[in-house]
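Peer 1: The following block contains a protein sequence and its predicted model.
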Amino acid sequence: MTNHVHLLMTPESEDSISRLMKAQGSRYAFYVNKRYSRTGTMWEGHHKSSVVDADTYLLTCYRYIELNPVRASMVKMPEEYRWSSYCVNAWGEQDVWLTPHPTYLALGKDSSKRYYAY
């Protein structure tokens, strides 16, 4: 997205996401400040996060995130958005950064059934 990001993550520990966002924010601020000869922070506030109930809401979150660029008229199809996980979840493209969630894996016994169900 042009003004925000959506990350759907399963943390390894209670503070994993906060530590990740702090590190990423620091690196990004360093990069932008150096590149554009500026100083200061980059963000208006802290990141927002919420717990997702995997059994009832996880796949809804997948769809919301993957269709967001379509709804924003940035692309016509979700697979056209460069940063989308859609091609992994719907077509099975490989991505070393994404690990399928057990709820997603439960959509089908094999990958072709899973992609079709998704």
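Peer 2: Sure thing, it's come through.
Peer 1: For Leu8, see how far away Tyr57 is.
Peer 2: 11 Å (CB to CB, to the nearest Å). No exception for glycine: its C-beta is placed from N, CA and C like everyone else's.
Peer 1: for Arg27, same thing?
Peer 2: Taking CB to CB, one finds Arg27 at 21 Å from Leu8.
Peer 1: host element of the residue nearest to Asp95 when sequence neighbours are not counted?
Peer 2: Closest residue to Asp95 apart from its sequence neighbours, by CB to CB, 6 or more residues apart in numbering: Val88 at 4.9 Å. According to DSSP states H and E, Val88 maps onto helix 86-91.
Peer 1: Now whichever helix or strand comes after that helix: buried residues?
Peer 2: Sequence order places helix 102-105 as the next helix or strand after helix 86-91, per DSSP H and E. Neighbour-count burial for helix 102-105 flags 103-104 (criterion: 16 or more other CB atoms under 10 Å).
Peer 1: and whichever helix or strand comes after helix 102-105, what does it pack onto?
Peer 2: Under the assignment DSSP H and E, the closest C-terminal helix or strand after helix 102-105 is helix 111-117. Contact analysis of helix 111-117 by 3 or more CB pairs under 8 Å, 6 or more residues apart in numbering; DSSP states H and E lists helix 86-91 as its packing neighbours.
Peer 1: So which residues make contact with the helix it packs on?
Peer 2: If you take CB atoms under 8 Å, 6 or more residues apart in numbering as the criterion, helix 86-91 is touched by 62, 66, 78-79, 93-95, 98, 100, 104, 115, 118.
Peer 1: Measure how far stretch 99-115 is from the centre of its chain, please.
Peer 2: Centroid separation between stretch 99-115 and its chain, computed with CA atoms, centre = their mean, to the nearest Å, is 18 Å.
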